[in-house]
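Enquirer: generate coordinates for the sequence data below:
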Amino acid sequence: MEFVSDDINASEVNPIQENQQIKATTHLASGKGSRCELTTNSALWRLGSLSFAKWPNINELWLHSGSALYCSETNNTIVFSSRNSKATFKGKGTIIIEALHNGGFKFIPVEAVGTLTTSQGGDQKVQDGRMLLILDSPSYFGDAYDLDLMLLLRSSRLINSYPNPLPTFDQIGLAIYVQQLKLKGKYDALIGNAPTLEKLEVWAFGKNKPKGSKDLIPEKKTTNKKKFWNRFLPTD
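Expert: As a prediction, the model looks like this:
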C-alpha cells in the first residue's frame, strides 16, 4: 500500500505506515493483494486491492479505480464519487463501492438504511442486496440488480479478509437471513463491468432468463462458474 500527496513539496510516492494519519490531499494506491483500513470517529473505511482513491474529507470518498467499503452504525451524510459520477448517501450501514470503466460506479448496500441521491435521478431508498449503478455527469441512476448476499459475504475480501470483523457483522447476517427467506432461487444474472454508458457486461445462467436478456452473455457451462462469479463480485 502506497500514498502520494498533492502537496507541492511532497509529491513522491511512499509506503503507508500502520496508524498513519491521512490528509485530505493524500491519494492511496493499493497493489495486487494489498488492502488497508481507515477509521474516523463515526465510520470505518476499507480500500480494496488494485485501487486508487482519496478522502477529500471524512465524509467523502473519491474512487478512481478499484473498490472500497464504508461501514457505520450511526447516521451520516456521505458523498461517493468516481471519475465521472457522484451520489450522496444519507443513512447508516455497510456499503461497497466499485469503480466502472465508463467513469461511473456500483453502489452495493450489503446492509443499509437510508437514501441515495443523484443530481438527475432524485432520491432512492436503498435496499439490502440491491445494487444501483451511478452513471454519467450530471449523475443519474442506471439499472438496479438484486445480488446474492451470501455469495458476496463468502467471496468479498473487503468483508472477510481483515483481522477484525466489521462492527455491523450481526446486521449483515440478519440481512442475509431475510434475503434467503424472501428471494431464494431468484438470482438468474450477474453483472460484471460497464465499459460504456450503453453497454453492461452480464452473465446469465439458470432456467429463467431475466427480462431484456437478449444482449446477455450466454452461460459458459458449469466448468466456468468461477469465472462469472469473479466478474460479478467486487474486484477487491
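Enquirer: any stretches of the chain with poor pLDDT?
Expert: Low-confidence segments of the chain (pLDDT under 70): 1-14, 17, 183-192, 197-236.
Enquirer: now the helices for it?
Expert: Ranges of helices in the chain, per DSSP state H, are 149-155, 157-160, 169-183, 225-232.
Enquirer: just those helices: most buried one?
Expert: helix 157-160 (a mean of 20; mean count of other C-beta atoms under 10 Å). For the C-beta atoms, the positions are set from N, CA and C on the backbone; glycine is no exception.
Enquirer: list the contacts of that one.
Expert: By C-beta atoms under 8 Å, 6 or more residues apart in numbering, the residues outside helix 157-160 that reach it are 35, 46, 48-49, 67-69, 94, 96, 110, 152-154, 166, 172, 234, 236.
Enquirer: now list the buried members of those residues.
Expert: 35, 46, 48-49, 67-69, 94, 96, 110, 152-153, 166, 172, 234, 236 (16 or more other C-beta atoms under 10 Å).
Enquirer: and Leu50, its phi and psi?
Expert: phi 50, psi 50 (degrees, to the nearest 10).
Enquirer: can you report how many residues lie near the residue nearest to it when sequence neighbours are not counted?
Expert: Leaving aside its sequence neighbours, Leu50 sits nearest to Gly66 (C-beta to C-beta, 6 or more residues apart in numbering; 5.2 Å). Other residues near Gly66 number 22, with proximity taken as other C-beta atoms under 10 Å.
Enquirer: which residue packs closest to the residue nearest in space to the middle of the chain, ignoring adjacent ones?
Expert: Central residue of the chain (C-alpha atoms, centre = their mean): Ile97, 2.1 Å from the mean position. Distances taken as C-beta to C-beta, 6+ apart put Ala68 closest to Ile97, at 5.0 Å, once the chain neighbours are dropped.
Enquirer: equivalent analysis for Thr94, please.
Expert: Val110 (4.3 Å).
Enquirer: just to check, that neighbour is in contact with Ala175?
Expert: Yes: the pair Val110 / Ala175 is scored as a contact, 6.8 Å apart, by C-beta atoms under 8 Å.
Enquirer: find residues that contact each of those two.
Expert: Common neighbours of Val110 and Ala175 (C-beta under 8 Å, 6+ apart) are 128-129, 149.
Enquirer: is it possible to export the residues you listed to JSON lines including distance to Ser161?
Expert: Below are those laid out as JSON lines (distance: C-beta to C-beta, whole Å):
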{"residue": "Asp128", "distance to Ser161": "21"}
{"residue": "Gly129", "distance to Ser161": "20"}
{"residue": "Leu149", "distance to Ser161": "17"}
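Enquirer: spit out the contact partners of the closest residue to Ser161 other than its chain neighbours.
Expert: Closest residue in space to Ser161, ignoring its immediate chain neighbours: Arg35 at 6.7 Å, by C-beta to C-beta, 6+ apart. The contact partners of Arg35, by C-beta under 8 Å, 6+ apart, come to 1, 46-49, 157-158, 161-162, 236.
Enquirer: good, wrapping up.
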